[in-house]
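# Compute the structure for the input listed below.
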Amino acid sequence: MRSSFPPLSCLLAFEAAARRTSFSAAALELHLTPSAVSHQIAKLEQLLDVRLFERSVRSISLTDAGREYMARVSVALDAISAATDNVRKGVRNALHVHAAPSFASLWLMPRLADFAQAHPGIALSLSSSVVHSDFSSGQVDIDIRYGIPNWPHLHVRSVFEECIQPMASRDFIERHRLRTPEDLLHVPLIQSVVNVVQWGDWFRSRKIEFSAGQFAYRFDRTSMALDAAVQGLGVALDSSSIAAGHLHQGRLVKVFDPRWCLKVQAHFLVCPSRHLQRKEVASFMEWLQENASDPEEGALGGPKAAGYRPSR
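Residues are numbered from 1 along each chain as shown. Prediction:
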């Protein structure tokens, strides 16, 4: 038994807090409370009999001893993660992908049969949640994240450029006689609260004054916002790439000329650089980016939906 080896929970809390210079950010990453992270670090400082952090009301910073300890601990934890990865390589070529929920269900799932056919030797596990995966656990190989990329120390690659535009059911468009962007000011609008691009951004791009108080429905998932639009409850503003299935099947229609969209990069392939050495990771990334070259087509088939054109 290594008598001088501190509890792993203390080391993980220390490494996360030192890397993020925040107990709160470390707590979010480790799925703990900030007080629990603070307690683990205090326990570690007591075991070492040395102060690792300088604490103030609004911030923390490493002491000289803390910086030296962090340099050694991070190398050791990376070695444990690499050893875990190496062991997992021999388990039926396993690949664990974590993804944002709407991307997983609406874009990735319809294309998995194509991946299975192209790579029959890879045993794929797919999970999804709005919480970013914790690579330090050694359980996830690739995370497909949604949002503004700010993930230092990780390899980050854009999945595709998306066109954000108004979409609704054909019946809703006909019933409300939607012809111009100004017409949207008089109909129920659907908000996906987690989206990088919001209705205010789109209206500003058309030089139209807009009050955010007129939302008829709000959802915290893109999939639910699009489902509401399919049901004829209003107009959704979202990515035509993520909504490709609905567009191909005619359940949704682009209300206006697709050139009136807002272009954004918001989905990213994220992983530690060391994971790129795994052939399963490289194969998945290559396959995904081949499919993402035309994100509204891919494995969905059927005619590609164009912008709405009113009947005359």
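# Pretty sure residue 271 sits against residue 154.
Yes. Using C-beta atoms under 8 Å as the test, residue 271 is close enough to residue 154 to be in contact (6.6 Å). For glycine as for every other residue, the C-beta is placed from the backbone atoms N, C-alpha and C.
# okay, the two: which has more neighbours?
The neighbour comparison of residue 271 against residue 154 (other C-beta atoms under 10 Å) goes to residue 271, with 23 against 16.
# Can you pull the phi and psi angles for the more buried one?
With angles defined as degrees, to the nearest 10, residue 271 shows backbone torsions of phi -170, psi 160.
# That one pairs with what?
Using DSSP bridges, the bridge partners assigned to residue 271 are residue 155.
# Pull up the overlap in contacts between residue 271 and residue 154.
Contact criterion C-beta atoms under 8 Å, 6 or more residues apart in numbering; residues shared by residue 271 and residue 154: residue 135.
# From residue 288, how far out is residue 131?
Residue 131 sits 21 Å away from residue 288, going by C-beta to C-beta, to the nearest Å.
# More neighbours: which of those two?
Shown here are residue 131 and residue 288; by other C-beta under 10 Å, residue 288 has more neighbours (21 against 11).
# Surely that one touches residue 159?
Yes. In this structure residue 288 lies within contact range of residue 159 using C-beta under 8 Å: 6.9 Å.
# Could you find the closest non-adjacent residue to residue 244?
Take residue 244 and drop its neighbours on the chain: the residue closest to it by C-beta to C-beta, 6 or more residues apart in numbering is residue 296, 4.6 Å away.
# Residue 134 too?
With C-beta to C-beta, 6+ apart as the criterion, residue 134 has its nearest non-adjacent residue at 5.9 Å, and that residue is residue 29.
# how near is residue 269 to residue 156?
As it turns out, when the distance is counted by C-beta to C-beta, residue 269 lies 7 Å from residue 156.
# Which one's more surrounded, those two?
The residue with the greater number of neighbours, taking residue 269 and residue 156 and applying other C-beta under 10 Å, is residue 269; the counts read 21 against 14.
# isn't residue 291 right up against residue 110?
No. In terms of C-beta under 8 Å, residue 291 does not count as a neighbour of residue 110; the distance is 10.2 Å.
# And the two? Which one has more around it.
A direct count of neighbours by other C-beta under 10 Å for residue 291 and residue 110 places residue 291 higher, at 20 against 16.
# how close does that one sit to residue 244?
Distance from residue 291 to residue 244, counting by C-beta to C-beta: 11 Å.
# And residue 19, by the same measure?
From residue 19 across to residue 244, the span is 37 Å (C-beta to C-beta).
# just for the chain, where's the confidence low?
Screening the chain residue by residue with the criterion pLDDT under 70, one finds the ranges 1-4, 82-83, 85-92, 137, 213-214, 295, 297-312.
# One more pass at 80, please.
Within the chain, the set of residues satisfying pLDDT under 80 comprises 1-4, 75, 78-92, 136-139, 211-215, 294-312.
# list the contacts for the residue nearest the centre of it?
Closest residue to the average C-alpha location of the chain: residue 145 at 2.0 Å, with C-alpha atoms, centre = their mean. For residue 145, the contact set (C-beta under 8 Å, 6+ apart) comprises 100, 132, 151, 267, 268, 270.
# and if we set it to 10 Å?
For residue 145, the residues meeting the contact criterion (C-beta atoms under 10 Å, 6 or more residues apart in numbering) are 98-100, 103, 130, 132-133, 151, 154, 156, 159, 266-270.
# Longest helix of the protein, counting residues only.
Taking residue count as the measure and DSSP state H as the definition, the longest helix of the chain comes out as helix 64-89.
# roughly how far apart are residue 36 and residue 271?
Relative to residue 271, residue 36 is positioned 27 Å away (C-beta to C-beta).
# what's the answer for residue 282, then?
11 Å.
# With residue 18 instead?
For residue 18, the distance to residue 271 (C-beta to C-beta) stands at 21 Å.
# ok, now residue 78?
14 Å.
# returning to that earlier point: give me the buried stretch members for the helix or strand just after the longest helix of the chain, please.
Counting by DSSP states H and E, the element after helix 64-89 in chain order, helix or strand, is strand 94-99. Residues of strand 94-99 classed as buried: 95, 96, 97, 98, 99 (neighbour count, 16 or more other C-beta atoms under 10 Å).
# In a markdown table, list those along with distance to residue 176.
Supplementary listing: the buried residues of strand 94-99 in a markdown table, determined by distance: C-beta to C-beta, whole Å:
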| residue | distance to residue 176 |
| --- | --- |
| 95 | 46 |
| 96 | 45 |
| 97 | 40 |
| 98 | 39 |
| 99 | 34 |
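# Just the closest of those residues to residue 60, please.
The closest of the buried residues of strand 94-99 to residue 60 turns out to be residue 98 (C-beta to C-beta; 28.5 Å).
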